[in-house]
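Chemist: sharing a model that was predicted from the sequence below.
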Amino acid sequence: MKENKERIREITIAPQTSILTALKKMDELQAKLLLVMDDKQFVGLLSIGDIQRGIIKNVSVDAPIGNIIRQNGILVAKPDEDFEIIKNRMLQYRTECMPVVSEGATLERVYFWEEVFGYDKKIPSADLGLPVVIMAGGKGSRLKPITNVLPKPLIPVGDKTILEHILDRFVAVNCHSFVMTVNYKAEMIRHYFDTLNNSQYQLEYIHEENFLGTAGSLYLLKGKITKPFFVSNCDIIIDCDYSEIYKYHQENKNEITIVGVLKHYPIPYGVLETKEGGMLQSIQEKPEYTFKINSGMYILEAHLLDEIPENQHFHITELIEKVRLRNGRIGVFPVSEGAWMDIGEWSEYNKTVQKLGFKDIVSIR
């Protein structure tokens with residue numbers, strides 16, 4: 001384990017650093033908090049929540065992080081504070097580190113979660129208790145030839161299936177009630193989870209007689225789900241605080257919240273802009289563009305089940321468009337590129353396996 005000073009140096013960032021650079025640093029370090037230091041003066045803490053709130057307010061990812069840092073003294077300790085008070089505050093706010101700062105804005109030290117609570121105790125998760133619908137009926141065509149034998153939800157990632165990795169992240173926030181829509185190789189999926197016999201998974205299956213798209217099978221849930229619920233594809237993992245997604249959904253009175261990934265696309269060339277007559281207006285050398293893309297995870301209000309046509313092929317994008325056209329509230333909650341893992345195709349599958357620390361990578365040529 002790294003020394004305290006080395007870890008402090010790793011998570012330190014300057015206030016003029018761009019939001020995008022800070023986000024990439026968080027992904028690289030798998031950290032949710034960074035120390036903002038101006039030379040040797042402590043400026044504040046930058047959290048992933050600060051970045052998300054800034055992006056929701058349409059602050060440019062090229063803006064400096066100094067524009068979005070909140071002054072939150074609760075997460076900063078004073079040198080004369082009792083250690084037990086600091087410990088209890090870290091536990092209460094589920095914070096991975098707490099700096100100790102003197103009156104002159106001098107950083108005295110940083111308490112890290114692992115040194116305070118031990119390396120075997122994880123930061124506790126929030127308690128949501130919402131239903132979860134997993135769309136697991138597809139054929140997984142992009143993962144052939146493996147999916148000629150195994151359905152996509154049962155493809156292994158380490159010592160578990162991809163579906164177990166997804167379910168376990170919801171179980172961590174006390175979501176145990178799962179509805180799984182199945183079609184392709186449905187009996188194999190059911191048999192696997194029946195024999196697994198994991199009491200944490202309260203599973204119900206909805207069998208599509210025909211392929212109904214990414215939302216068509218939801219009409220079968222009318223009357224069965226009466227409160228907001230998560231919907232997730234069966235080939236993606238979102239590694240973030242699900243309680244923050246739900247908090248955003250509630251506070252904004254959304255009917256749908258889409259989890260959007262901040263995907264970065266570097267252009268390895270000089271990009272030219274021209275004006276009338278083909279005259280050069282500007283040239284930008286190797287720019288990088290950032291887009292919000294659909295991750296495949298959503299929160300839906302239960303009343304939307306009434307807007308899904310019965311027994312028809314219907315994609316969730318059609319439901320989103322339907323709500324948008326009647327001016328319903330649709331929010332986009334941003335997560336970093338590193339928080340989104342995808343096994344929809346082999347190149348992404350291999351990245352996911354490596355990121356989760358496993359070595360049994362499937363190589364398809």
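Modeler: That came through, no problem. Numbers count the residues shown, from 1 in each chain.
Chemist: mind listing the helices for the chain?
Modeler: Here the chain has its helices, by DSSP state H, at 4-10, 19-29, 48-56, 83-93, 113-117, 162-171, 186-196, 242-251, 316-325, 346-355.
Chemist: how much space between the residue nearest to the spatial centre of the chain and residue 305?
Modeler: Centroid-nearest residue in the chain: residue 238, 3.6 Å away (criterion: CA atoms, centre = their mean). With distances taken as CB to CB, to the nearest Å, residue 238 is found 23 Å from residue 305. Every C-beta, even on glycine, is put in place using the N, C-alpha and C of the backbone.
Chemist: got it, and residue 244?
Modeler: 25 Å.
Chemist: between the two, which one's more packed in?
Modeler: Set residue 244 next to residue 305 and count neighbours by other CB atoms under 10 Å: residue 305 wins out with 20 against 16.
Chemist: mind pulling up the pLDDT for that one?
Modeler: In this prediction, residue 305 carries a pLDDT score of 94.
Chemist: with residue 140 instead?
Modeler: For residue 140, the model assigns a pLDDT of 77.
Chemist: what do you get for residue 207?
Modeler: Residue 207 carries a pLDDT value of 86.
Chemist: Provide the partner residues of it in its beta bridges.
Modeler: Listed beta-bridge partners, residue 207: residue 182 (assigned using DSSP bridges).
Chemist: ok, it touching residue 186?
Modeler: Yes. Between residue 207 and residue 186 there is a contact at 5.7 Å, judged by CB atoms under 8 Å.
Chemist: longest strand of the protein?
Modeler: strand 288-300 (DSSP state E).
Chemist: bridged to residue 178, which residues?
Modeler: Under DSSP bridges, the beta-bridge partners of residue 178 are residue 132, residue 203.
Chemist: ok, so what distance separates it from residue 319?
Modeler: Distance from residue 178 to residue 319, by CB to CB: 20 Å.
Chemist: what do you get for residue 294?
Modeler: From residue 294 across to residue 319, the span is 13 Å (CB to CB).
Chemist: the more surrounded of these two?
Modeler: Shown here are residue 294 and residue 319; by other CB under 10 Å, residue 319 has more neighbours (26 against 15).
Chemist: what is the burial count for the closest residue to that one other than its chain neighbours?
Modeler: Closest residue to residue 319 apart from its sequence neighbours, by CB to CB, 6 or more residues apart in numbering: residue 215 at 5.1 Å. Residues lying near residue 215 (other CB under 10 Å) number 26.
Chemist: ok, residue 299 next?
Modeler: Number of residues near residue 299 (other CB under 10 Å) recorded here: 23.
Chemist: so where's the stretch 151-300 of the chain shaky on pLDDT?
Modeler: The model of the stretch 151-300 of the chain has no residue with pLDDT under 70.
Chemist: break the protein down into its domains, please.
Modeler: 4-117, 132-355 (automatic domain parsing).
Chemist: hmm, back to that, helices or strands next to the longest strand of the chain in the packing?
Modeler: strand 229-233, strand 236-238, helix 242-251, strand 256-266, strand 330-336 (3 or more CB pairs under 8 Å, 6 or more residues apart in numbering; DSSP states H and E).
Chemist: most packed of the ones you listed?
Modeler: Most buried of the helices and strands packed on strand 288-300 by mean neighbour count (mean count of other CB atoms under 10 Å) is strand 229-233; its value is a mean of 23.
Chemist: neighbouring strands - and their directions - for that one?
Modeler: In the sheet, strand 229-233 lines up against strand 132-135 (parallel), strand 288-300 (antiparallel) (DSSP bridges).
Chemist: make JSON lines out of the ones you listed and add distance to residue 347.
Modeler: As requested, the strands paired with strand 229-233 are exported to JSON lines (distance: least, CB to CB, whole Å):
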{"stretch": "strand 132-135", "distance to residue 347": "22"}
{"stretch": "strand 288-300", "distance to residue 347": "16"}
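Chemist: so which of those strands is the most surrounded?
Modeler: Greatest average neighbour count among these goes to strand 132-135 (a mean of 24), per mean count of other CB under 10 Å.
Chemist: contact partners of that one?
Modeler: Strand 132-135 has contacts (CB atoms under 8 Å, 6 or more residues apart in numbering) with 153, 163, 166-167, 170, 175, 177-181, 214, 217-218, 221, 225, 229-234.
Chemist: one step back: kindly reformat the helices of the chain as CSV containing distance to residue 100.
Modeler: As requested, those are exported to CSV (distance: least, CB to CB, whole Å):
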stretch, distance to residue 100
helix 4-10, 11
helix 19-29, 21
helix 48-56, 20
helix 83-93, 8
helix 113-117, 12
helix 162-171, 32
helix 186-196, 46
helix 242-251, 26
helix 316-325, 46
helix 346-355, 33
